[in-house]
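>>> Kindly generate the corresponding structure for this input.
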Amino acid sequence: MSVPYPIRPDREDKRTFLQKVAEFIHPGPDSTDELLETLAEAEHNQLIGADSRKMLEGVIRMADMSAGDVMVPTTRMELVSIDDPYDTMMHGVIDTAHSRFPVFEGERENIIGILMAKDLLKLQRAPELNIRALLRPAVFVPESKGLNDLLRDFQSNHNHLAIVIDEFGRVAGLVTIEDVLEEIVGEIEDEFDIAEDEGDIFGLPDRSYRVSGDTTIERVEAAFGVRLVGGDDMDEDFDTIGGLIAHEMGHVPKRGEHHVKSGLDFAVMHTKGGAVKWFKVSPVPNEPT
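This is a model prediction of the structure:
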């Protein structure tokens with residue numbers, strides 16, 4: 001007589017006696033903090049590298065984070081009005097250097113779609129196109145949405161940006177796939193991000209210059225033939241032009257703000273993480289540089 005449901009043998013325990021004793025004396029981690037300590041110990045014992053430990057820690061911490069923790073708040077969102085003329089839109093794209101822009105109609109809260117910077121170029125060849133036809137659908141997520149779920153949505157829906165909504169249904173900010181991934185791998189550098197110990201100056205078509213906020217003060221002085229610090233104004237705490245301008249302005253600079261110094265107009269083009277990434281620098285008319 002056959003047994004209808006044969007009993008399967010227990011899975012063979014291949015652990016050695018010493019392994020069992022070690023696990024009994026030192027059980028596995030019971031909390032997130034203990035798991036992080038285990039990763040630090042693994043790095044100390046050269047079982048994993050420092051970069052691997054940081055990424056694993058990012059994955060662990062990300063499980064407890066939500067979209068509201070990493071979003072760009074609405075006060076810092078770069079928006080485009082559907083009623084703006086083409087030239088205004090194009091200048092905004094050039095100045096901010098973003099690739100995607102939420103588009104609103106009427107009030108800023110009324111987001112009607114997402115404009116890709118590359119799509120805006122299509123209007124140069126076909127001015128008769130309606131800008132509305134170029135908009136991509138906007139994705140809305142609540143502030144409480146977990147980063148794990150949000151990353152999964154980004155991957156499955158092929159979206160790179162989502163509008164974050166608060167508990168009252170109002171726009172609270174926006175979050176990008178880069179914001180989520182940076183929680184795992186750290187800061188992601190792009191063409192508008194440079195190493196902390198470097199800086200650069202680029203000429204623009206209108207005879208102004210794009211200057212990195214991390215450029216040393218000495219390099220800016222040499223490039224423009226001006227004296228920015230010296231005498232009583234010298235502050236050894238500031239080595240970069242971004243730090244000097246922010247110190248003189250007395251607050252964290254925001255995009256669109258201007259500061260005139262030594263005959264130069266420093267216009268804030270792009271900020272990230274509370275610091276100026278790029279200035280647009282041009283001589284002030286009728287003032288010696």
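
>>> just the strands in the chain please.
72-73, 80-81, 100-104, 111-116, 140-142, 161-165, 171-176, 201-203, 209-212, 258-261, 264-272, 275-283 (DSSP state E).

>>> As TSV, the ones you listed with mean pLDDT and distance to residue 226 would be great.
No exception for glycine: its C-beta is placed from N, CA and C like everyone else's. Shown next, in TSV, are the strands of the chain (pLDDT from 0 to 100; distance: least, C-beta to C-beta, whole Å):
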stretch	mean pLDDT	distance to residue 226
strand 72-73	84	34
strand 80-81	89	35
strand 100-104	90	35
strand 111-116	92	38
strand 140-142	94	47
strand 161-165	93	39
strand 171-176	91	37
strand 201-203	81	13
strand 209-212	88	12
strand 258-261	92	8
strand 264-272	85	6
strand 275-283	87	10
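
>>> Can you list the low-confidence ranges for this protein?
1-32, 95-97, 186-199, 205, 231-237, 273-274, 286-289 (pLDDT under 70).

>>> Now the residue positioned nearest the centre of it: closest residue in space that isn't a chain neighbour?
Centrality entry for the chain: nearest residue to the mean C-alpha point is residue 179, 5.1 Å, by C-alpha atoms, centre = their mean. Nearest non-adjacent residue to residue 179, counting by C-beta to C-beta, 6 or more residues apart in numbering: residue 70, 4.6 Å away.

>>> I figured the one you found was touching residue 183, is that so?
Yes - Residue 70 is in contact with residue 183 according to C-beta atoms under 8 Å; the separation is 6.4 Å.

>>> what is in contact with those two at once?
residue 147 (C-beta atoms under 8 Å, 6 or more residues apart in numbering).

>>> So for those two, which residue has more residues nearby?
Neighbour count, other C-beta atoms under 10 Å: between residue 70 and residue 183, residue 70 has more, with 19 against 16.

>>> For the more buried one, give me its contacts.
Counting by C-beta under 8 Å, 6+ apart, residue 70 has contacts 147, 175, 179, 180, 182, 183.

>>> any idea how far the residue nearest to residue 179 is from residue 143?
According to C-beta to C-beta, to the nearest Å, residue 70 and residue 143 sit 11 Å apart.

>>> for residue 51, same thing?
On the measure of C-beta to C-beta, residue 51 and residue 143 end up 31 Å apart.

>>> Chain neighbours aside, what residue packs nearest to residue 129?
Nearest one to residue 129, counting by C-beta to C-beta, 6+ apart, is residue 123 at 5.7 Å.

>>> burial of the one you found, as a residue count?
By other C-beta under 10 Å, the residues close to residue 123 number 16.

>>> Identify the residues contacting it.
Contacts of residue 123 by C-beta under 8 Å, 6+ apart are 86, 129, 131, 134.

>>> Quick one: residues contacting the third one.
It stands for residue 131. 82, 89, 115, 123.

>>> circling back to that earlier point, quick one: the residue nearest to the centre of the chain and residue 71 touch, right?
Yes - assessed by C-beta under 8 Å, residue 179 is found in contact with residue 71 at 7.1 Å.

>>> Cheers, nothing more for now.
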